[in-house]
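Engineer: just the structure for this:
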Amino acid sequence: MIHVALVGAAHIHTPGFVKKLQARGEIVVKRVYDHDEGRGQASAAALDATFTADLATIWTDPEITAVVICSETDRHEPLVLAAAAAGKHMFVEKPLGMGAADAYSMADAIEKSKVLFQTGYFRRGTPIEIFLKQQVEAGAFGMITRVRHTNCHSGSLGGWFDTDWRWMADPKQAGCGAFGDLGTHSLDILLWWMGAVTRVTADLDPGTSRYGDCDEFGEALMRFECGAIGSMAAGWVDVAHPGGIVISGTEGHAHVDAGALFFKSTLVEGADGVEPWKSLPDMEPHAFDLFLDALLGKKVTLIGAREAAYRSAVMEAMYRAAEAQTWEVPVTA
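Structural biologist: Residues are numbered from 1 along each chain as shown. The predicted model follows:
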């Protein structure tokens with residue numbers, strides 16, 4: 001039996017994680033902490049766990065071997081550093097940090113402690129994204145010249161962040177607005193496929209201004225070290241999102257239309273780009289499920305803390321670029 005603690009229940013994905021924890025008979029949530037007692041008590045009741053307002057009861061409990069951190073982003077660093085010092089394995093909801101400084105500080109502590117780490121980049125488990133990574137690595141596109149990934153929904157239009165999740169539309173607590181919230185998934189996939197960037201720029205907009213000056217949508221450009229140019233879009237004001245992926249190279253092309261992948265390559269038999277490409281890998285477990293599997297001793301691939309920190313650094317550079325209307329170089333460590 002594995003005992004874990006939920007440390008912070010602020011993130012909009014918390015209810016989904018609670019359901020996943022409820023379904024795991026081998027994993028018991030012993031304690032729940034949140035600085036908002038009402039919110040913490042609600043999650044504790046759902047998990048049949050004990051609410052605590054004292055974090056020391058978690059850090060000093062030898063029976064609790066792992067924590068799930070779903071607090072506001074500006075509270076991540078002290079919680080992660082304490083969890084690392086206590087030797088607790090941890091899942092930290094994305095983004096890891098507000099920017100480069102706190103994210104790299106957390107990565108250093110996590111790596112030093114040698115605990116298991118995972119964050120919520122679940123798009124790495126989708127069949128299309130996995131397949132395209134495989135084809136990029138196999139050289140099926142030749143020299144890749146441009147790549148695009150988008151991630152959008154209608155959260156602002158639907159008022160998703162009006163009440164319980166209002167902090168997510170406050171960049172002082174979240175570190176970003178809509179562009180960073182959803183765009184971090186697109187950024188993760190682009191970096192996963194293409195590697196590091198040399199410089200970035202972006203333009204953001206408050207859209208409907210439902211949440212004041214908080215950005216509701218944006219676009220970014222980036223130059224990868226490999227030479228390709230990338231672009232990404234994200235926002236909370238889209239009534240539909242039929243596409244979202246383009247990869248173009250000297251030997252191949254791929255795009256997604258209404259969930260169907262169209263793949264053309266002069267180097268892959270049958271890849272004519274005319275009919276939807278059906279030969280795809282299986283869906284992999286959600287990033288959170290992979291973390292729970294790892295706690296149970298299963299051999300899975302998790303996302304490194306250094307990877308997660310780099311994504312925070314690149315996103316921070318995009319926000320700097322949008323404010324200064326220039327190109328920015330992400331901080332590395």
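
Engineer: how about the nearest residue to Ala313, chain neighbours excluded?
Structural biologist: Ala100 (3.8 Å; CB to CB, 6 or more residues apart in numbering). Glycine gets a C-beta too; all of them are placed from N, C-alpha and C.

Engineer: ok, that neighbour touching Met318?
Structural biologist: No - under the criterion of CB atoms under 8 Å, Ala100 makes no contact with Met318, lying 11.9 Å away.

Engineer: next, count neighbours for the residue nearest to Ala313.
Structural biologist: Neighbour count for Ala100, taken as other CB atoms under 10 Å: 20.

Engineer: now it: how far from Leu290?
Structural biologist: Distance of Ala100 to Leu290, given as CB to CB, to the nearest Å: 26 Å.

Engineer: list the contacts of Gln118.
Structural biologist: Met90, Phe91, Val92, Ala287, Phe288, Leu290, Phe291, Ala294, Leu302, Ile303 (CB atoms under 8 Å, 6 or more residues apart in numbering).

Engineer: and the nearest residue to it once chain neighbours are set aside, its phi and psi?
Structural biologist: Distances taken as CB to CB, 6+ apart place Phe291 nearest to Gln118, at 3.8 Å, with adjacent residues excluded. Torsion angles at Phe291 (phi, psi; degrees, to the nearest 10) stand at phi -60, psi -50.

Engineer: one more: the one 10 residues further on?
Structural biologist: Reported as degrees, to the nearest 10, the phi and psi values for Thr301 are phi -100, psi 120.

Engineer: could you count how many residues lie near the residue nearest to it when sequence neighbours are not counted?
Structural biologist: Distances taken as CB to CB, 6+ apart put Leu290 closest to Thr301, at 7.3 Å, once the chain neighbours are dropped. Close neighbours of Leu290, defined as other CB under 10 Å, add up to 21.

Engineer: buried sites along stretch 62-77?
Structural biologist: Neighbour-count burial for stretch 62-77 flags 64-77 (criterion: 16 or more other CB atoms under 10 Å).

Engineer: what segments of the stretch 51-200 of the chain are strands?
Structural biologist: Applying DSSP state E, counting those that start in this stretch to the stretch 51-200 of the chain gives strands spanning 64-70, 89-92, 117-119, 144-152, 197-205.

Engineer: could the ones you listed go into JSON lines alongside mean pLDDT?
Structural biologist: Shown next, in JSON lines, are the strands of the stretch 51-200 of the chain (pLDDT from 0 to 100):
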{"stretch": "strand 64-70", "mean pLDDT": "98"}
{"stretch": "strand 89-92", "mean pLDDT": "98"}
{"stretch": "strand 117-119", "mean pLDDT": "98"}
{"stretch": "strand 144-152", "mean pLDDT": "98"}
{"stretch": "strand 197-205", "mean pLDDT": "98"}
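
Engineer: mind giving me CSV with the ones you listed and columns for distance to Glu137?
Structural biologist: Below are the strands of the stretch 51-200 of the chain laid out as CSV (distance: least, CB to CB, whole Å):
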stretch, distance to Glu137
strand 64-70, 32
strand 89-92, 27
strand 117-119, 22
strand 144-152, 11
strand 197-205, 18
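
Engineer: out of the ones you listed, nearest to Ala138?
Structural biologist: strand 144-152 (12.1 Å; CB to CB).

Engineer: hmm, the residue nearest to Thr301 is touching Arg124, no?
Structural biologist: No - under the criterion of CB under 8 Å, Leu290 makes no contact with Arg124, lying 9.4 Å away.

Engineer: need the overlap of contacts for these two.
Structural biologist: With contacts taken as CB under 8 Å, 6+ apart, the residues that reach both Leu290 and Arg124 are Glu284.

Engineer: and the strands of the stretch 51-200 of the chain: which comes nearest Pro281?
Structural biologist: strand 144-152 (18.0 Å).

Engineer: give me the buried stretch members for that closest one, please.
Structural biologist: Ile144, Val147, Arg148, His149, Thr150, Asn151, Cys152.

Engineer: equivalent analysis for stretch 279-299, please.
Structural biologist: Neighbour counts over stretch 279-299 (16+ other CB under 10 Å) mark Leu280, Glu284, Ala287, Phe288, Asp289, Leu290, Phe291, Leu292, Asp293, Ala294, Leu295 as buried.

Engineer: and those residues as TSV, adding secondary structure, distance to Ala42 and pLDDT?
Structural biologist: Conversion of the buried residues of stretch 279-299 to TSV gives the following (DSSP: H, G, I helix; E, B strand; the rest coil; distance: CB to CB, whole Å; pLDDT from 0 to 100):
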residue	secondary structure	distance to Ala42	pLDDT
Leu280	coil	39	98
Glu284	coil	31	98
Ala287	helix	24	98
Phe288	helix	19	98
Asp289	helix	23	98
Leu290	helix	26	98
Phe291	helix	23	98
Leu292	helix	21	98
Asp293	helix	27	98
Ala294	helix	27	98
Leu295	helix	24	98
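
Engineer: now, among the residues you listed, which is nearest to Gln135?
Structural biologist: Leu280 (11.0 Å).

Engineer: residue nearest the middle of the chain, spatially speaking?
Structural biologist: Residue closest to the average C-alpha location in the chain (CA atoms, centre = their mean): Tyr121, at 3.7 Å.

Engineer: fine by me, we can end here.
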